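Asker: Just to be clear, the model below is a prediction. Sequence and coordinates:
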Amino acid sequence: MRITHGRIQLELHERPRRDGPALLLLHALFGSSADWGESAAVWPGPVYALDFCGHGASDWLSGAAYYPEMLVADADAALQHIGRTALAGAGLGAYVALLLAGVRGTQVPAALLLPGAGLAGAGPFPDFDVDFPDPDVAGADEPVAHRADPMVRLLDAFVRPPTYVEPLAQAARRLLLLEDDTARPPWWETARRSPSATTLRGDVCSALQHLARAAVE
C-alpha cells in the first residue's frame, strides 16, 4: 500500500493478517522491505514492512535531503497508519527504531535492534578534519542495491551521539538488542545500559519471538 508522508509516497507492505500484536519492520541502509524475507513468519500478528524514502519502492526526495530523523518521520507516518505496534529494525533501521520507541512510548510497546548496514553512522562525535562526503562522487563505483537513491549514502555521514540516544533509550518502554560478540557503536552501548534494555543471543527468528512476548507483557 502507499502512504503519504509530506510530499512523497512511501511503500508499506502488509503481510497476511493474523490475530495478535502488530509488527513494523525497518530495513538497513541501502536495503528495502524485501530484505526481511520470511524471517517474520514466526510473528503471531499482522506484519508490516516499510521502505524508507529513497529506498525500495518508496519515492526519492527532491533535493535529496536525507538524514536519520527524516526516516524516523517515515516510520512515524507508518505508525500512525498501523496504530500500536512493536518495531524491529536492522542497521540504520535499528537506530530509527530506537528513536521512534523513545518518542512514541505509548504506541510502541517494544523494539528489537539488529545489526546491519548503517548501524554506526559517522561515529559518536563529529570529526572536523574529515570533509562531508560529496554525494556525487561518494561510492560512485559501487552499485546501490534495491534501486536506492545514490544520495542516501549521506545517511551514513551523520554522527550518532550517545548523549542524544540516552534519554530516548530511557523513555522507551522495552528494548531488545541482539548480540553476537561483534563490537557495537557507542550509541548501541548506551541503549544497552538502559533499564528497559534486554540483550539477546540467537538468530533473528528467535529474537522476534522474544519481541512478540515483550509486546504483550
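Answerer: That came through fine.
Asker: Which of the helices and strands in the chain ranks last by mean pLDDT?
Answerer: strand 2-5 (a mean of 91; mean pLDDT, DSSP states H and E).
Asker: What's the first helix or strand after that strand?
Answerer: strand 8-14 (DSSP states H and E).
Asker: same question for the following helix or strand past that next one, mean pLDDT?
Answerer: Using DSSP H and E, the helix or strand that directly follows strand 8-14 along the chain is strand 23-26. Across strand 23-26, the average pLDDT comes to 98.
Asker: quick one: contacts of the least confident helix or strand of the chain?
Answerer: Outside strand 2-5, the residues within contact range by CB atoms under 8 Å, 6 or more residues apart in numbering are 9, 10, 11, 12, 53, 73, 74, 77, 78, 81. Using the backbone N, CA and C atoms, a C-beta is placed for each residue, glycine as well.
Asker: Flag every buried residue along that strand.
Answerer: Under the neighbour-count criterion of 16 or more other CB atoms under 10 Å, strand 2-5 has 3, 5 buried.
Asker: CA atoms only for it - export them in PDB, please.
Answerer: In PDB, the C-alpha atoms belonging to strand 2-5 read as follows (Å, rounded to 0.1, in the frame of the first residue of the first chain):
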ATOM      1  CA  ARG A   2       1.100   3.600  -0.500                       C
ATOM      2  CA  ILE A   3       1.000   6.100   2.400                       C
ATOM      3  CA  THR A   4       1.700   9.800   2.300                       C
ATOM      4  CA  HIS A   5       4.500  11.500   4.200                       C
END
